[in-house]
Every structure is written in C-alpha cells, then in structure tokens.
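*Asks:* 3D, please:
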Amino acid sequence: MFTEESFKVFEIAGLDQRMVEIRKEIQPTFQQLNEVFQQFLEPLLDEKLVIHIAQHRRRTTNPPENTWSALSRQKRGYKMEPHFQLGIWPDYVFMWLSCIDQPKNEEAIAQSLLDNQKLFTALSPDFVLSGDHTKPNLTELSPENIEKLLKRFRDVKKGEFQVGRIIKKDDPLWRDPEAAQTYMVNTYKQLVPIYQMVKQASFAQVEN
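*Replies:* Numbers count the residues shown, from 1 in each chain. Alright, predicted model coming up:
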C-alpha cells in the first residue's frame, strides 16, 4: 500500500535518482493493487484487462512530477481507449476512469455521456473531475462541470475527461491499508456503469 515514503519520492532531485525510488517504492504497489482491481473488475466487465505501469522512458532530464498505472483491454497500450488509472501526485493518490490523448471515437464517447448524465448522479459526493492528466488540478463533480468538460472533450482536440476519486497524502485512511484498498475498489465499482456506457459508444464502433 502507499505510505509516507511513496509521497516523499517526489522530493528527490534528479531523473535517475527519482526513478530508482519510483521503481522501489511505488511500482510494486501499482502492481499489487492493480492485480486486486483486475480480479474484481474482469468478472463485472466480462473482459480481460491488462496492467500497464508507466516507465517514463522518454524523459531525459526532468524527473516525473507524478506517476501512474492503468488497466486496459489493450496489450500494446492504454491511451487509445478509455481505461482505469491508478496514480500518485505529491499530494494525493488518484483513481480515474480516463479518456485522454484523443482516444478512438472520442466524439461518440463524449456524446454518449452527455446524453446519459444521470450516470454521474449515482456517484458518491466525493468524486471529482479532471480535464488535464498532466496537471494536479481537480474540478468539483457538478452537472455544470460535467457538461463543460465533456463538451470540451468532444469539441477540442486536446480535450480530456477523467472522473474518479482521490486520497490525499494526509488522509487517515492510509493508517488502515485494508480500508484504503476497499475504498479504491469501491471507486472503480462505482465507475463500472460509466465505463460500460463508454464501451458501447466507442469500442463497438472500433470492432465493427
């Protein structure tokens, strides 16, 4: 499970030095937790999911400001389709359903969610939104913000849409790893109906 040491990794200067600690302190936790999520989600979704862990190989100078992992249907990557993400910034851990980097059929994805915004009303009130996976900024889950971000995702080339929950660095939940894991699993459970809607809108078109 994530610990105080996980967050301290981002205080380390230097690309190579920080990557050593990311591999030591964070990536094993990504693997462990994603195996749990994988076992939970696959029967609900009736499909196999592949674990991806960011390696940051394209970086040559600056150390990563955050790091992440993903569960996706695709073996060769995850950004081309909506996927589940687990990641960490210096101030919080995030659990997202992510639509980033221009996934296939993004207009169909956005429109299906705009037409079925009632799905978001079933989410717990502590769910949040993000319109840019490269920044730690969060947006309150509200009908106005949902519509704004979905329309931007639909109409703007670099538009993104993420919905999920976070656990802040200083959250007492970290003192109980089992409770923290249960909270994470519950987050993805609540996101399943939205993922299934996205799947109908996007994946069926790709496969037909």
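
*Asks:* can you give me the end-to-end span of stretch 77-91?
*Replies:* Separation of the first and last residues of stretch 77-91 by Cα to Cα, to the nearest Å is 27 Å.

*Asks:* low-confidence stretches in this structure?
*Replies:* Scanning the chain for pLDDT under 70 picks out 103, 203-208.

*Asks:* hmm, 80 instead?
*Replies:* 101-104, 200-208 (pLDDT under 80).

*Asks:* what ranges does it have for its helices?
*Replies:* Per DSSP state H, the chain carries helices over the ranges 4-8, 15-21, 27-45, 106-114, 118-121, 143-155, 177-207.

*Asks:* which of those helices is buried the deepest?
*Replies:* Ranked by mean neighbour count, the helices of the chain are led by helix 106-114 with a mean of 19 (mean count of other Cβ atoms under 10 Å). From N, CA and C alone the C-beta is placed, and that goes for glycine too.

*Asks:* output the contacting helices and strands for that one.
*Replies:* Packing partners of helix 106-114 (3 or more Cβ pairs under 8 Å, 6 or more residues apart in numbering; DSSP states H and E): helix 143-155, strand 161-168, helix 177-207.

*Asks:* indicate which one of those is closest to residue 25.
*Replies:* Set against residue 25 and scored by Cβ to Cβ, those come closest in helix 177-207, at 14.8 Å.

*Asks:* tell me what that closest one is packed against?
*Replies:* Short answer (3+ Cβ pairs under 8 Å, 6+ apart): helix 177-207 packs on helix 27-45, strand 83-88, strand 92-99, helix 106-114, helix 118-121, strand 161-168.

*Asks:* how about CSV for these, with distance to residue 10 added?
*Replies:* Formatted as CSV, the helices and strands packed on helix 177-207 follow (distance: least, Cβ to Cβ, whole Å):
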stretch, distance to residue 10
helix 27-45, 14
strand 83-88, 8
strand 92-99, 11
helix 106-114, 31
helix 118-121, 31
strand 161-168, 14
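
*Asks:* just to revisit the earlier point, how about the helices of the chain, which one is nearest residue 129?
*Replies:* Nearest of the helices of the chain (Cβ to Cβ): helix 143-155, 5.7 Å.

*Asks:* run the chain-centre distance for that closest one.
*Replies:* Counting by Cα atoms, centre = their mean, to the nearest Å, helix 143-155 is centred 18 Å from the centre of its parent chain.

*Asks:* what does stretch 111-126 give?
*Replies:* Here the centre of stretch 111-126 is set off from its chain's centre by 17 Å, with Cα atoms, centre = their mean.

*Asks:* identify all contacting residues around it.
*Replies:* 127, 141, 143, 146-147, 150-151, 154, 161, 163, 165, 190-191, 193-194, 197-198, 200-201 (Cβ atoms under 8 Å, 6 or more residues apart in numbering).

*Asks:* now do stretch 174-189
*Replies:* Residues contacting stretch 174-189 (Cβ under 8 Å, 6+ apart): 1-4, 33, 36-37, 40-41, 44, 84, 86, 95, 127, 164-165, 167, 173.

*Asks:* with adjacent residues omitted, what lies nearest to residue 92?
*Replies:* Nearest non-adjacent residue to residue 92, counting by Cβ to Cβ, 6 or more residues apart in numbering: residue 166, 4.3 Å away.
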